[in-house]
Structure formats: C-alpha cells, structure tokens
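[1] Following is a predicted model, sequence given first.
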Amino acid sequence: MVDMARRLPHLVRRSLALAWQVDRWAAVGLLACQTASGVMQAMGLLAVSGTLTALLSSGDIYQRLLQAWPSLVMLAGAAAVRALLGITVGWLSSRLGPQMSRQAERMLLRTATDAELAAYDAPGFNHKREAADRGAQAAQDLVYEGQDLIASAASFAAGAAVLAGVHPLLLPLLVLAGLPQAVAQIGAARVRYLAQLRTNGEYRMLSVLRWHICDRYAADQIRAGTMADFLIDRYRHTTERINSADRRAADTGARMSLLGSACGGLASALVWAAVVWLLATGRITVGHAGTAVFALQAVGGALRGLVSGGARAMRTGLYMDDWSDFLDEAGGHRMRRGAHRPDRPREIVVEDLVYRYEEAESDALRGVSLTVRRGEVVALVGYNGSGKTTLGKLISGLYLPTSGGVAWDGTRTADCDPHALWSQVALVPQDYARWPLTARENITLGQPSDRGDEAVRAACAASGADEVVAGLRSGLDTVLARDWLGGQELSGGQWQRVALTRAFHRNAGLLVLDEPTANLDPLGEYHIFQGLRRLAEERAVVLITHRLTNVAVADRIVVLDKGRVVQHGTFAELTAAPGLFKELWTYQHTREAGERPSAPKERLP
Ligand SMILES: Nc1ncnc2c1ncn2[C@@H]1O[C@H](COP(=O)(O)OP(=O)(O)OP(=O)(O)O)[C@@H](O)[C@H]1O
C-alpha cells in the first residue's frame, strides 16, 4: 500500500494525460460535472440539515414550515441538478472510458514493437506484457471509479461539516468506525489482484489453446488426429487451476470483508451509542439529533463509497501500474541502441560472436567469425539446431551479440539505429507471416515503393508469384484470407512465393533467406536459385538451406555444428575435402540418386 501510494501521483498524471489525449473536452467536462455533482450532493445534505433543524425547532408549525421552505427548495433544486449532471456524467464516461482503453492498448502495442526481439525469448516479458494488457483494459474503469470517489468525497465533506456542527466528537468516531472496513476491502482487492497476476500464465495458455482449437489452420489436424477431447480436457484442467486460484482469493477476500464488517459494525454501534449518550446528557438537542441521524447515514454511506471505490481504484491502479511500468521499460527490454543510420552494407563482419538465448544453459553460437560482402551469396549449412537461423538474425541486427561483434561497414549493430538498419534488411524467415491483408499489402508490407504496382509486379515475376496473383479474383487487391469477406486462401507454396516476393520487393542491401524454397515445387525452386545471382549483384545475400545441391550457387559456404563454424569454403572445395559438408553432401546426393546411403557419423542410426 505504501508503495502504491508512492506511485499514485505518477499514475494519476498518466491517466489524466491519457484522458486528455483521447478526448480533452470529455475529460474536462467529466471532471467539472463530477465536481459539480459532488457540490450538489453536499448542498442537498446541508438542505436536509436546514429543513430538519427548522422543522424540529420549537414554535408554531406554520412558522417552522416557512423557515424550512428555502431549504426545501434548495433540496429539490440540488436533486434536479444532480440528476441532470448524472446523465451528463454517464454520457461522457461512456464516451471517454472505452476510448481510454483503446488508446492504452495502442500505446502498449507501440511499446511491444519497440522492445528488443530477444524479449520474446525471456519468460518474464510475456508475463509483463499480459499484465500490462490487463492494465490497458482496466484503464476505462478508472473513469467510473474516479467518478464514485469524487461523489463520495463530496458527500463525505458535506456530511462531515454537518456532523462536526452537531458535536465535534461524532466525526472522528465515525472515521474510526470506517477504518476496519477500509483496511479489509483494500486487503481483499489486493488479494484478488495478486491471484490474477499469478494466473496470468494460465490465462495465456487458455487463449493459445482457444486459438489452436478454433482456428482453421489446425482444424484438419484436430479432426484427423482425434485430438479434440485431449485439447478440451487440457483447457478444462487449465480453467480449473484458474478457478481454484479465484476461489481461494474470493474466500480470503470474503473472510477479510467479514472481519472488517464485524469490527466496523461494533464501531458503528459505538457511534450510535455516542449520539444517544449526547442526547441523554443534554449535550445536543432533539433537532440536532435528527440532523445527526441523517448526517451519520450520509457520511457512513460516503465512507463506504470512499472505501469500496478506493479499494477498486487501488486494484485498477495496480493493473494500470503494470501497464505504466511496461510503457516505461518494455518489460526491461526497451531498445536502446545507437543513432548511426547505416547505408546499404558493403561488408558485414562477424567477429568472435557468442550468442546465448535468455535463460538457456548453453550458447547457441560460440566464437563465430565470418564476412558477408555485397555482391556475394554466403550459404549457412549444418544440422538442425546448429545455429544457422540464430546467426542470420544476428547478421540482420535482430538480435545483439552476447559477446563479440557484428559490424555493418565498421559500425556495430548495437550502435546503429535499429529501424534504419532494418530498412536495409529483407528477410524470408522459415515461418513467414500470412497477413490477412490484400496481396499488394502482403508484398509491400504497407510500404509501397515510388514505382508502385510496377515494382510489385517485377518482384512477383522474380519469385514466380505472378502466376499466383493472376489466379486471384481481384488480383493484387484480393485479401489473402479465406475467412474474410471476399478473401482467398493460398496454398503453402503459394504463400512462400508471396514471402519471397516481399523480400525481392524491398530495396534492401542485405537479403536473408532461411529455407526459402522448402514449400516450392522443383520448377519454382529452380527459378528462385537461378535469379539469386542477379539479386546478389546489388546486395549481400545470406542463404540458409538444407538442400545442398542449391548451395552450389553460393560464393562461400559456412558449415556450422553445435554453434561453431567447423568448415568454410567454396562448394568445390568443401565437396572435395573430408569433413561434415562432404558427409552431408554424400548422404543427400546418393539418396537423391536412389542409392542406399550410409548415415553420416554419430548422427543417424
Ligand atoms: N527462442 C529460443 N530460445 C531458446 N533457445 C533457442 C531459441 N531459438 C533457438 N534456440 C536454440 O538455439 C539453437 C540454434 O537454433 P537455430 O534455430 O539457430 O538452429 P538452426 O540451425 O537454424 O536449426 P534448423 O535447421 O532446425 O532451422 C538450438 O539449440 C535451439 O534449441
């Protein structure tokens, strides 16, 4: 609570800034209306007090009614204005609240894309991102909670003023009576928050399972593999774990509330006893006692409102705190690199490179050194898990070395502006994204060149995707997603051609192709490798492939094994020299020739 109180001003500032950003007039109007509504409530209470004092005073009833009349008018007026303000507050809140959450989500998305790629390998990052996401959703609750708090605070202030006027003893007693409930409710809110935080991982698993179970990409495998029962069972087990954590939190919260209410009840009895005692000992009049009854109820209600609103606001504050922390630090992975803006690289030098994934027990790459030059195709080959993809990502500046260096024309990737560097990278990863966008957007990645569709068509011709586009109902305007209205789905190989077209369309100085033809037919594959030399004229090309016949196109071949470079040379050199490449080549070559191969040493049974 102390920590929360310390961070509260920062949070309030950020929330107000959020409201100001999305709709400043609604934010100002809301604050003004809430404050006015609080003032009206206070005036109403003062009017009740005035009416009661007038009616319960001694004298002629006609005179007393006449005396009470202004207060009654004030009471009715305050109630009418409050009703109007209530409607306005409701209208403005429903405008502002959802917009605040959407804005908070957008800020979160921007922060997530500004985090280092390595963040996604750190288990804590996803956890923090999810907590922040919940904070973004909760942003709109702050509007309603702030509203309740302001109203309760105004009502408390009015009641307190009236009560203090009746007798100075009553107010401190009442505040004391409210304390146990306040502590209990805030404690319960914190218990619920912590339970949700602990089950974040389970929630993530649920959403992943939901996606896998319902999405069409795995629908055939779920049916053919008769997996539905297994997956739904897994879903049930996960929900049971969440339910049991929720139940425990609810039970603890209820126990805390019960204890708080019991203590609060006893304390309230004390307050009422004090009123009776004050009346019995002639310290207050009957009129004052009547006013005290109303004021006590109003202040009690306001206090309860303050306590429960405060507890809810504190819980929302904890969620918002996660969001705010994430915005500041991107889960501890905000990109902080240099400002150098590299041109098309002439030479990329990798020197004594070591890379270890977060929390991995060993290095994925150890002591790797190589050079990639413009106009060259460098092929990376090796067994699964030998580090080829990781090396490709380090050369592209997607990861930063754990030690050693990757330098583009003499400047380390860590010292380069990452966005400027990536604008010089064209990457075809093994698992390319299938964006539910038009074919054109899928190829240009939302960044059309000055030559417009002409450049898109040239890239399509280079990858063989021209035939794919020709078969689309609306050509480049076709949305590549069957589920979407008017969309059309592509085959695996057709998607790979689109992924290659993206890279060919991009005017980048480094082309990284990770298994670029795994899904292509032999003709498509031949076409790509034929075009590779021409592409390399103006670029540095890094080619990762298991098809060793294709690496003949490379100027140099780097052979990796368990994260180390074990051989390098031209195709002719490596097929002639004994070593891993020759073993792999002999195995693949003889197999393709239909002969019975002998397995490479130590690897295959
Ligand atoms: N995100 C990750 N987190 C932790 N370890 C990883 C991650 N990605 C890869 N690794 C590990 O790093 C090593 C190298 O993986 P990498 O993907 O670079 O191999 P590869 O040679 O490209 O394999 P393949 O031929 O199967 O594509 C492997 O041991 C792998 O388990």
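    Cool, got the structure.
[2] Close to the ligand: what parts of the protein are there?
    Within the chain, the positions near the ligand by C-beta under 6 Å from any ligand atom are 121, 357, 360, 364, 382, 384-390. C-beta here means a position set from N, CA and C on the backbone, and glycine is covered the same way.
[3] Narrow these to just the buried residues.
    Buried members of the residues of the chain next to the ligand, scored by 16 or more other C-beta atoms under 10 Å, are 364, 382, 386-390.
[4] just curious, which of those residues is nearest to T590?
    G382 (19.5 Å; C-beta to C-beta).
[5] so what's the closest one closest to, chain neighbours aside?
    Excluding the flanking residues, the one nearest G382 by C-beta to C-beta, 6 or more residues apart in numbering is L560, at 3.7 Å.
[6] what does P345 give?
    P345's closest residue in space is W408 (C-beta to C-beta, 6+ apart), at 4.6 Å.
[7] Now for that neighbour: which residues touch it?
    Listed by C-beta atoms under 8 Å, 6 or more residues apart in numbering, the contact set of W408 reads 342, 345, 347-348, 397, 416, 421.
[8] From the residues you listed, list just the buried residues.
    Among the contacts of W408, those scoring as buried are 342, 345, 348, 397, 416, 421 (criterion: 16+ other C-beta under 10 Å).
[9] May I see those arranged in JSON lines, with pLDDT and secondary structure as well?
    As requested, these are exported to JSON lines (pLDDT from 0 to 100; DSSP: H, G, I helix; E, B strand; the rest coil):
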{"residue": "P342", "pLDDT": "95", "secondary structure": "coil"}
{"residue": "P345", "pLDDT": "95", "secondary structure": "coil"}
{"residue": "I348", "pLDDT": "97", "secondary structure": "strand"}
{"residue": "G397", "pLDDT": "95", "secondary structure": "coil"}
{"residue": "C416", "pLDDT": "96", "secondary structure": "strand"}
{"residue": "L421", "pLDDT": "96", "secondary structure": "helix"}
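[10] what's the closest of the residues you listed to G265?
    The closest of the buried ones among the contacts of W408, once distances to G265 are taken by C-beta to C-beta, is G397, at 64.9 Å.
[11] give the contact list for the closest one.
    406, 408, 413, 416, 418, 421-422, 425.
[12] in which helix or strand would I find C33?
    helix 2-56 (DSSP states H and E).
[13] quick one: low-confidence parts of the protein?
    1-5, 7-8, 483-485, 591-605 (pLDDT under 70).
[14] is it true that I557 lies in a helix?
    No - I557 sits outside any helix when classified using DSSP: H, G, I helix; E, B strand; the rest coil, being strand.
[15] give me the number of residues near it?
    A total of 23 residues lie near I557 under the criterion other C-beta atoms under 10 Å.
[16] Please report the distance of the closest residue to it other than its chain neighbours from the ligand.
    Residue nearest to I557 in three dimensions, not counting chain neighbours: A379, with 4.6 Å by C-beta to C-beta, 6+ apart. Applying C-beta to the nearest ligand atom, to the nearest Å, the value for A379 to the ligand is 13 Å.
[17] Look up the residues forming beta bridges with A379.
    L543, I557 (DSSP bridges).
[18] Outline the domain layout of this structure.
    2-332, 429-507 (automatic domain parsing).
[19] As JSON lines, those domains with distance to P516 would be great.
    Conversion of these to JSON lines gives the following (distance: least, C-beta to C-beta, whole Å):
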{"stretch": "domain 2-332", "distance to P516": "20"}
{"stretch": "domain 429-507", "distance to P516": "6"}
